[in-house]
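**Q** fold the following.
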Amino acid sequence: MKPKLILMSHGKMAAETLHSAKMITGDLANAAIVSMTETDGLSGTTEKLKKILESSDQEPTLILADLKGGTPCNAAMMQMDSRPNLRVLSGLNLAMVIEAALSSIEDLDELVDHLLMIGKNAVEKIELPDYDEELEYEE
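**A** Residues are numbered from 1 along each chain as shown. Down below sits the predicted model:
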């Protein structure tokens, strides 16, 4: 069975990223979100996350958080001690969510390593191809 996926972010980034992923991959039944509001703080964000984690018992779970050191990521990290089947990655991006949805990897640690590579490779400087100033055409 694939690990449960939880997206966490400041504001609506997690919800919108999941929505965008569903446009590409279809339904992601085993995914949930925690969207931190301006008034949640650490305690409110932690409570939102705990409700989701309680419903998933001790099943393998991967949290993709938007920003290392941010409140959503910190709330997720605080749950790691009591949940041995919980892993947290920061740097939430659409490529990671799509790959998590489409990947057949079931082992939690293997999936984490794979998504870490996907996330890093998704960040790249885009440049236009180098075209010659004068194009020659054969007649």
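**Q** Lys50 against Met78, yeah?
**A** No - judged on C-beta atoms under 8 Å, Lys50 makes no contact with Met78 at a distance of 9.8 Å. From N, CA and C alone the C-beta is placed, and that goes for glycine too.
**Q** quick one, phi psi at Leu116?
**A** phi -60, psi -40 (degrees, to the nearest 10).
**Q** nope, Met8 is what I meant
**A** Torsion angles, degrees, to the nearest 10, at Met8: phi -130, psi 140.
**Q** next one: Thr61
**A** phi -140, psi 140.
**Q** ok, the closest residue to it other than its chain neighbours to Ala101 distance?
**A** Nearest residue to Thr61, sequence neighbours excluded (C-beta to C-beta, 6 or more residues apart in numbering): Lys4, at 4.4 Å. For Lys4, the distance to Ala101 equals 12 Å [C-beta to C-beta, to the nearest Å].
**Q** what do these two both touch?
**A** Common neighbours of Lys4 and Ala101, using C-beta atoms under 8 Å, 6 or more residues apart in numbering, are Ala31.
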